[in-house]
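Engineer: Here is the input, now give the coordinates:
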Amino acid sequence: MSRQAARKRAAELIEMLELASAETDPVERRRLLTFVVAGAGFAGVEVACEMAGLVRDSLRFYPQLRRADLRFVLIS
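Structural biologist: Purely as a prediction, here's the structure:
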């Protein structure tokens, strides 16, 4: 993945946090805070871990969201 693509994906993750922080419907909030990576090989696991790290580190800017609200799904 290029740096430009990585920056775009990071911005998309942050956008999901922005949307979820303003969402009042718990079902929609859960959908916004569910992150899916297809491919359970080495690269997929690495991508999922990096995503999780970025999202969890960003939670400090969204006090209305809890770590327990996040869901990461790795599909093989």
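
Engineer: what about the protein, any weak spots by pLDDT?
Structural biologist: Flagging of the chain using pLDDT under 70 yields the residue ranges 1.

Engineer: bridging residues for Thr34?
Structural biologist: For Thr34, the beta-bridge partners are Arg71 (DSSP bridges).

Engineer: contact partners of stretch 62-69?
Structural biologist: Residues outside stretch 62-69 that contact it (CB atoms under 8 Å, 6 or more residues apart in numbering): Leu17, Glu18, Ala20, Ser21, Arg29, Arg30, Leu33, Arg56, Leu59. From N, CA and C alone the C-beta is placed, and that goes for glycine too.

Engineer: I misspoke; the intended subject was stretch 28-47.
Structural biologist: Contacts of stretch 28-47 (CB under 8 Å, 6+ apart): 13, 16-17, 19-20, 23, 48, 51-52, 55, 65, 69-76.

Engineer: Flag every buried residue along stretch 15-32.
Structural biologist: For stretch 15-32, the neighbour count (16 or more other CB atoms under 10 Å) marks Leu17, Ala20, Ser21, Glu23, Arg29, Leu32 as buried.

Engineer: Could you measure from the nearest residue to the fourth one once chain neighbours are set aside over to Phe35?
Structural biologist: Just to be clear, that refers to Glu23. Computed as CB to CB, 6 or more residues apart in numbering, the closest residue to Glu23 that is not its neighbour in sequence is Arg29, at 4.3 Å. From Arg29 across to Phe35, the span is 13 Å (CB to CB, to the nearest Å).

Engineer: Show the contacting residues for Phe61.
Structural biologist: With CB under 8 Å, 6+ apart, Phe61 has these contacts: Leu17.

Engineer: And the helices in this structure, which stretches?
Structural biologist: Under the criterion DSSP state H, the chain carries helices at the ranges 3-22, 26-32, 42-58.

Engineer: Buried ones in stretch 50-69, by neighbour count?
Structural biologist: For stretch 50-69, burial by neighbour count (16+ other CB under 10 Å) applies to Met51, Val55, Leu59, Tyr62, Leu65, Asp69.
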